[in-house]
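Visitor: Need the 3D shape of this:
(one chain, ligands or ions: 1)
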Amino acid sequence: MMRVQYFIDTANLESIKKISDIFPIAGVTTNPTIIAKEKRDFKEIINDIFDIIGKDKIVHAQAVGTTAEIIVKEVQLLRDTFGENFYTKIPVTPEGIKAMKILSKDGHKITATGILSPQQIIMAAEAGAEYMAPYINRSDNIGENGIEIVKDAYKILEMTKKTDEEKLARYKRIFEPKILGASFKNVRQVHETILAGSKSVTAAPDVFEKLIYHPYTDWSMDTFNSDWKKVYGEKTLLDLL
Ligand SMILES: O=C[C@H](O)COP(=O)(O)O
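Guide: Sure thing, here's the model as predicted:
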């Protein structure tokens, strides 16, 4: 059964510790800006993230080459360095799509990034990307509609589903292509993106922590706690059962 995968969009170790301790995360996503903010060795950052979240979780980081030739070499090196649960983000530029097409024939794990249109999602999926990351807020910011990108692309992905045999023949492995909603500034964008068909989302720590926030939840728990204390003091059920 498919579940919603929540990723944290940061390379800040304190934030990753805090959020992964509480929430059922699928992993961490980064981009070159996020990595550069840490001003530390790239390999150490990725290893530190895996140490915190566990090697069974996923980490995404971006290739920085601008030609297919360099991107292909970066991805091969990244897989050798970080193993099976590392996904390389590759931009949906012509050189990026070319690199995806070459790499997916060899079973590489790819996340297409920099997406601002439905066709970029479909093309990346055909080229063998497993995750496709549309930038919802960046789209909304220029008067377009990030959620519509997800809706349209999801519909086409559903229409063009491949059998396991076709996937094995084309990509050397079986996986479900997933829209990875990214670039969020508020909870509504995250929610609508999932509703539109995105089976995975990545949110920066500030938005991530707000996903379950509601003032009436806090108010309700405060009321329960104070009513309980009036009768039972500091006792918990551990003292009463
Ligand atoms: O890698 C993509 C990021 O999720 C973009 O997010 P941002 O628009 O908040 O920088």
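Visitor: For the chain, which segments count as helices?
Guide: 13-22, 32-38, 42-53, 68-82, 94-104, 118-126, 136-141, 146-159, 164-171, 187-195, 205-210, 215-232, 237-240 (DSSP state H).
Visitor: In a markdown table: the ones you listed, plus mean pLDDT.
Guide: Shown next, in a markdown table, are the helices of the chain (pLDDT from 0 to 100):
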| stretch | mean pLDDT |
| --- | --- |
| helix 13-22 | 98 |
| helix 32-38 | 98 |
| helix 42-53 | 98 |
| helix 68-82 | 97 |
| helix 94-104 | 98 |
| helix 118-126 | 98 |
| helix 136-141 | 97 |
| helix 146-159 | 97 |
| helix 164-171 | 95 |
| helix 187-195 | 98 |
| helix 205-210 | 97 |
| helix 215-232 | 98 |
| helix 237-240 | 97 |
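Visitor: What residues of stretch 28-40 count as buried?
Guide: Within stretch 28-40, the residues scored as buried using 16 or more other CB atoms under 10 Å are 28-31, 34-35, 38. Quick note: C-beta positions are derived from backbone N, CA and C, even for glycine.
Visitor: what's the closest of the residues you listed to the ligand?
Guide: Nearest to the ligand out of the buried residues of stretch 28-40 is N31 (CB to the nearest ligand atom; 3.5 Å).
Visitor: Double-check that closest one against T88; I have them as touching.
Guide: No. Judged on CB atoms under 8 Å, N31 makes no contact with T88 at a distance of 11.7 Å.
Visitor: The ligand contacts on the chain?
Guide: 9, 31, 113, 135, 137-138, 182-183, 202, 204 (CB under 6 Å from any ligand atom).
Visitor: And those residues, which two are furthest apart?
Guide: Largest separation among these by CB to CB: T113 and A204, giving 15.2 Å.
Visitor: Between the two, which has more neighbouring residues?
Guide: Ranked by neighbour count (other CB atoms under 10 Å), T113 and A204 place T113 first, with 26 against 18.
Visitor: quick one: contacts for the more buried one?
Guide: Residues near T113 by CB atoms under 8 Å, 6 or more residues apart in numbering: 31, 62, 89-92, 133, 182.
Visitor: Switch those residues over to JSON lines; also include pLDDT.
Guide: Formatted as JSON lines, these follow (pLDDT from 0 to 100):
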{"residue": "N31", "pLDDT": "98"}
{"residue": "Q62", "pLDDT": "98"}
{"residue": "K89", "pLDDT": "98"}
{"residue": "I90", "pLDDT": "98"}
{"residue": "P91", "pLDDT": "98"}
{"residue": "V92", "pLDDT": "98"}
{"residue": "A133", "pLDDT": "98"}
{"residue": "A182", "pLDDT": "98"}
